[in-house]
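>>> Okay, structure incoming, though there's no sequence with it:
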């Protein structure tokens, strides 16, 4: 195929995949007819031999076009292109395995062509598949896999997406509504009595503040003007008016202090309840939610955003309510004094309202971008500080500093955009109020000259008008913090509105005495669109120990995650003692599961607190007994403060083997009926492995145990081995039986034996000795 020269301006194209370079887009258009419409395209990045290459796949309303560029991204030379006309019965199918995706073009006779790609292109491929299967005249509101599509750009959205990631990146996502702030009432409702008292104090303090300007009128007309004409000053009358001014000021001060104190207390408690509710809800969400979120972003939402809302409630909302009351009451007094002066005073109001309407949406969008930019700053901190040892080991301090500077720069740019808008808005409102005051002076002087009002009435009205404009200016400034609070509230309610993919049952089934029998019936599980487990059937008897073996990515960890109910199966069921675990209360069920991970996580605190994490009420004797059984007692006693020695964050200060034995003691203390060992000895040396293995022998005794291990020697005591491959169980049996079959397990065994022999040969010249037991898996 050769390119056609055409007027690309006549082409109507959808929002393209962000993975397609602009030069490729223009180049692809040159192959199309003038009236041909592009529906979707994607840049494929692997060839049939899984080597990095470039190929552009384009779906139009007439055909599917594939142009292979090899590894020539500069578009020089003649690419190889193929095309397939659109016919009934054609469809695009996609799948992935071990990080490589496959896109297939199929018809009723079989496969016509296929492409390979890395999963970085998976979202773009999904859009391509969805566009190919969608009828042009009846666009579907959902993608091929049933996921909702972004109404702006058509990106498939998962259940964990707070919004379209593409739109969020370029700022085209719709801004949060200010009405979201009214959802905070659910947190304010418990304090409605205090809120009512605060409102009454606010009302009375505002009314008290309006007394002083009113007293200016009689003080001027009855004292000052007559005094200018030579009339003696009535000292009693002056004292009365000045006493009234002082009393109103003191009353306004006392009432203002009371309402500020009460409402500040309420707002702090609303903020604390909001933080607690957010964190509590977060703790009940599934692991799938956390897999798609950055730690720094979640920390920013619960800390910074709730602080922003709390500040809005305690200060700015109070000021806003006071301003509204003051403006309303001042306007009423002005209309009572002189309706014409009141009407002239209100002249700037429509212009200010129009300006507020113009900027509020832009401010909301800007503050939401600021929130995302600040989350990036906290993300860098959350990544770097826990990984500081790796940063220093690879001498990447400069790189991480640049990454922080870049995130900080994005935050600065986002703030600058808002500040440019706000710096114009705020002075403009002040200018309008000054012009309004000037107009009032002109009109008032004319009214006095016509003897329609007295001088005292004008001065009193001007005092009210000054307060009116001051409050109007203050209320316009509240727009900024209101939109900032609305953006923060949206990010908080994004968490609170998320429904866990592992829900609690409405009516939990009481859990009887647990025997530890586990059964999986035709279990299917998917990560998004990727099928990880396919029709798994497995039965584990009470007290039986099985070993899960298989290549990385075969589905072993996913299987134990389903048993722990960190995720729920898409199809099939997991049963405990014949009861579907989805009908059991999650906390009751997990209380009978002990988990020992490859990388044990220890919290900041004492050794005793970490061991007793699953049973906070355990006695010191029970803690010591668990540590003895885990072969941890001896090294704990060698620590400066024994069981009261502080453990650094993530177990800093302890070796990998010591952390693992504390993890085993933690599992022993809760005395679980089901034990999960996920690569518990894979990251330690041989001697440490022996110590840990002794501890594990105590741990597994009398418990249903499921152990994952790549080092097959660690499974020598398993009653049965289960071999997994591509999400399916391919073999089951003892070591000897599986070796005799010479199947998948035999190949794993042989490959590992050869690796150990090679390591032995390389280590021998250096005087190292490796025992036969270490070299040969049992």
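Okay, I see it. Treat the numbers as computed from the prediction; the structure is a model and nothing was measured. Residues are numbered from 1 along each chain as shown.
>>> From the centre of this protein, point out the most distant residue.
Seen from the C-alpha centroid of the chain, the residue lying at the greatest distance (CA atoms, centre = their mean) is residue 230, 76.1 Å away.
>>> Surely that residue is in a strand?
No - assessed by DSSP: H, G, I helix; E, B strand; the rest coil, residue 230 does not belong to a strand; its assignment is coil.
>>> how much space between it and residue 237?
Taken as CB to CB, to the nearest Å, the spacing of residue 230 relative to residue 237 amounts to 17 Å. The C-beta positions use only the backbone N, C-alpha and C, and glycine is treated the same way.
>>> Show me the domain layout of this structure.
3-168, 180-497, 513-592+672-778, 599-671 (automatic domain parsing).
>>> Quick one, which of those domains gets closest to residue 507.
Evaluated with CB to CB, the domains of the chain place domain 513-592+672-778 nearest to residue 507, the distance being 8.3 Å.
>>> I'd like the average pLDDT over the closest one.
Taken as a whole, domain 513-592+672-778 has an average pLDDT of 77.
>>> Could you do stretch 216-236 as well?
In this model, stretch 216-236 carries a mean pLDDT of 76.
>>> and residue 430, what element?
Counting by DSSP states H and E, the element that carries residue 430 is helix 397-449.
>>> so what does that helix touch, helix or strand wise?
Packed against helix 397-449 by the contact rule (3 or more CB pairs under 8 Å, 6 or more residues apart in numbering; DSSP states H and E) you find helix 339-345, helix 349-384, helix 455-496.
>>> deepest of those, which one?
Of all the helices and strands packed on helix 397-449, helix 455-496 has the most neighbours on average by mean count of other CB atoms under 10 Å, namely a mean of 21.
>>> Next SSE downstream of that helix?
On the C-terminal side of helix 455-496, the closest following helix or strand by DSSP H and E is strand 518-527.
>>> What residues of that next one count as buried?
Of the residues in strand 518-527, those scored as buried under the neighbour-count criterion (16 or more other CB atoms under 10 Å) are 518, 519, 520, 521, 523, 525, 526.
>>> With stretch 644-659 instead?
645, 647, 651, 654, 656, 657, 658, 659.
>>> cool, stretch 185-204 as well?
Neighbour counts using 16+ other CB under 10 Å place 187, 188, 191, 195, 197, 198, 201, 202, 203, 204 of stretch 185-204 among the buried residues.
>>> Out of those, which sit inside helices?
The helices, defined by DSSP state H, take in 187, 188, 195, 197, 198, 201, 202, 203, 204 from those.
>>> Generate CSV for those, with pLDDT and distance to residue 465 as supplementary columns.
Below are those laid out as CSV (pLDDT from 0 to 100; distance: CB to CB, whole Å):
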residue, pLDDT, distance to residue 465
187, 85, 38
188, 84, 34
195, 83, 31
197, 89, 31
198, 83, 28
201, 86, 26
202, 80, 22
203, 81, 21
204, 85, 23
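>>> ranges for the strands of the stretch 551-700 of the chain?
Assigned by DSSP state E, counting those that start in this stretch, the stretch 551-700 of the chain shows strands spanning 571-576, 579-580, 593-596, 605-606, 646-647, 674-678.
>>> Could you do the stretch 101-250 of the chain as well?
Ranges of strands within the stretch 101-250 of the chain are 110-118, 148-149, 156-157, based on DSSP E, counting those that start in this stretch.
>>> For the last one, give the mean pLDDT please.
Strand 156-157 carries an average pLDDT of 46.
>>> Repeat that for the longest one.
For strand 110-118, mean pLDDT rounds to 84.
>>> Dump the domains of the chain into CSV; add distance to residue 505 as well.
Rendered in CSV, the data for the domains of the chain read as follows (distance: least, CB to CB, whole Å):
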stretch, distance to residue 505
domain 3-168, 19
domain 180-497, 13
domain 513-592+672-778, 5
domain 599-671, 23
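>>> looking at the ones you listed, which is closest to residue 504?
The minimum distance between residue 504 and those falls on domain 513-592+672-778, with 6.0 Å, by CB to CB.
>>> hmm, back to that, between helix 349-384 and the helix holding residue 430, find me the angle.
Here the directions of helix 397-449 and helix 349-384 differ by 160 degrees (axes from the mean of the first three to the mean of the last three CA atoms, to 10 degrees).
>>> Quick one: work out the angle between helix 397-449 and helix 455-496.
On the basis of the same axes, to 10 degrees, helix 397-449 is oriented at 150 degrees to helix 455-496.
>>> How far off centre is helix 397-449?
Once both centres are worked out by CA atoms, centre = their mean, to the nearest Å, helix 397-449 turns out to sit 31 Å from its chain's centre.
>>> Please apply the same query to stretch 725-732.
Taking CA atoms, centre = their mean, one finds the center of stretch 725-732 at 35 Å from the center of the full chain.
>>> what's in contact with it?
Stretch 725-732 is touched from outside by 97, 531-538, 550-551, 554-555, 558, 720-724, 738, 741, 743-745, with contacts defined as CB atoms under 8 Å, 6 or more residues apart in numbering.
>>> Out of those, which end up buried?
Among the contacts of stretch 725-732, those classed as buried by 16+ other CB under 10 Å are 531-534, 536, 538, 550-551, 554-555, 558, 720-724, 738, 744-745.
>>> any idea how far residue 317 lies from residue 184?
Distance, residue 317 to residue 184, using CB to CB: 10 Å.
>>> Name the residues contacting each of these two.
Overlap of the contact sets of residue 317 and residue 184 (by CB under 8 Å, 6+ apart) is empty.
>>> So which residue is dead centre in this structure?
For the chain, residue 293 is the residue whose C-alpha lies nearest the centre (CA atoms, centre = their mean; 4.5 Å).
>>> secondary structure class for it?
Under the three-state scheme (three-state DSSP), the conformation of residue 293 reads as coil.
>>> do residue 68 as well
Residue 68 ends up strand, using three-state DSSP.
>>> Can you give me the neighbour number for it?
18 (other CB atoms under 10 Å).
>>> Who does it form a beta bridge with?
Beta-bridge partners recorded for residue 68 (DSSP bridges): residue 55, residue 80.
>>> Does it touch residue 55 like I think?
Yes - taking contact to mean CB atoms under 8 Å, the distance of 4.6 Å between residue 68 and residue 55 places them in contact.
>>> shared neighbours of these two, anything?
Shared contacts of residue 68 and residue 55 (CB under 8 Å, 6+ apart): residue 47.
>>> picking up where we left off before, give me the subset of the contacts of stretch 725-732 that lies in strands.
When these are checked against strands using DSSP state E, the ones located there are 97, 531-538, 720-724.
>>> sec struct for residue 32, please.
Under three-state DSSP, residue 32 comes out as coil.
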